[in-house]
Structures are given as structure tokens and as C-alpha cells.
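**Student:** mind folding the following:
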Amino acid sequence: MRKPLDVRSLLFGRTREHVLDLLLQHPTERYYMRELAYHAQVAASSVQREVDLLVAADLITRVRSGHQIYFQINQASPVFPEIQSLFQKTARQPN
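**Tutor:** Next up is the predicted model:
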């Protein structure tokens, strides 16, 4: 029997999926670039590319606080409820 296709992997790249997953699980939290890279288990440069695209799409916000730049899911985005719902419906089950 064929294993069902993973919808998240089909729609999002691995890094983008991990960044969005973390931010959607903690919508009131802010994270700096290295935290996102640590949680996604990828290089900060890979996260930077994805974050730039997500900020440009208004899915996440970029906030400067002192010398740090933080990122947070944009709950005011018109597609926030749909993306949050999609991630909840396709949550990965622990092995």
C-alpha cells in the first residue's frame, strides 16, 4: 500500500514549513533569526531567505528591538486563519 503524500511537504519547502510551524504554534511569541534556524535545524542563511519571502507576503512581521530583529506570525494577515487551520489539520504525528 502506498504511503499518503505529505501535504505540508508538497505545499511548503522544509525550511519554510518548520519556520511557519514554530510561529503558528506560538503566535504571541517573537523569535530572532538564530532561534528560528535552531528550531528548523538549518543554516541561518536558509531561514533568512524564507523569512524575507514570508515578510514580503505579510505572513510574518519583522520587529526591531535594540540591536535584535524579531519575527512573529502576523495574526492580522487575511490568510492567517486559513494557514493556521491547514497546519493544524496536517500536523505531523510523532513516530
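
**Student:** would you check how far apart the residue sitting nearest the centre point of the chain and residue 72 are?
**Tutor:** Relative to the mean C-alpha position of the chain, the nearest C-alpha, by Cα atoms, centre = their mean, is the one of residue 20, at 1.4 Å. Residue 20 is 12 Å from residue 72, where distance means Cβ to Cβ, to the nearest Å. Quick note: C-beta positions are derived from backbone N, CA and C, even for glycine.

**Student:** got the phi and psi for residue 29?
**Tutor:** phi -90, psi 150 (degrees, to the nearest 10).

**Student:** okay, now it: neighbour count?
**Tutor:** Neighbourhood size, residue 29 [other Cβ atoms under 10 Å]: 13.

**Student:** contacting residues around it?
**Tutor:** 23, 72 (Cβ atoms under 8 Å, 6 or more residues apart in numbering).

**Student:** again, only using 10 Å
**Tutor:** 22-23, 35, 70-73 (Cβ atoms under 10 Å, 6 or more residues apart in numbering).

**Student:** now, which of those residues lie within strands?
**Tutor:** Applying DSSP state E to the contacts of residue 29, the entries found in strands are 70-73.

**Student:** ok, the residue nearest to the centre of the chain - contacts?
**Tutor:** Counting by Cβ under 10 Å, 6+ apart, residue 20 touches 8, 12, 40, 50, 54, 59-60, 73, 83-84, 86-87.

**Student:** which residues of this structure fall in strands?
**Tutor:** Going by DSSP E, the chain shows strands at 31-32, 60-65, 68-73.

**Student:** show me the shaky parts of the protein.
**Tutor:** 1-5, 92-95 (pLDDT under 70).

**Student:** repeat the analysis, applying 90 as the threshold.
**Tutor:** 1-14, 89-95 (pLDDT under 90).

**Student:** which residues does stretch 51-58 contact?
**Tutor:** If you take Cβ under 10 Å, 6+ apart as the criterion, stretch 51-58 is touched by 13, 15-16, 19-20, 23, 31, 33, 36-37, 44, 59-62, 69, 71, 73-74, 76-80.

**Student:** go with 8 Å
**Tutor:** 16, 19-20, 33, 36, 60-62, 71, 74, 77.

**Student:** state the pair within these that is farthest apart.
**Tutor:** 33 and 77 (20.3 Å; Cβ to Cβ).
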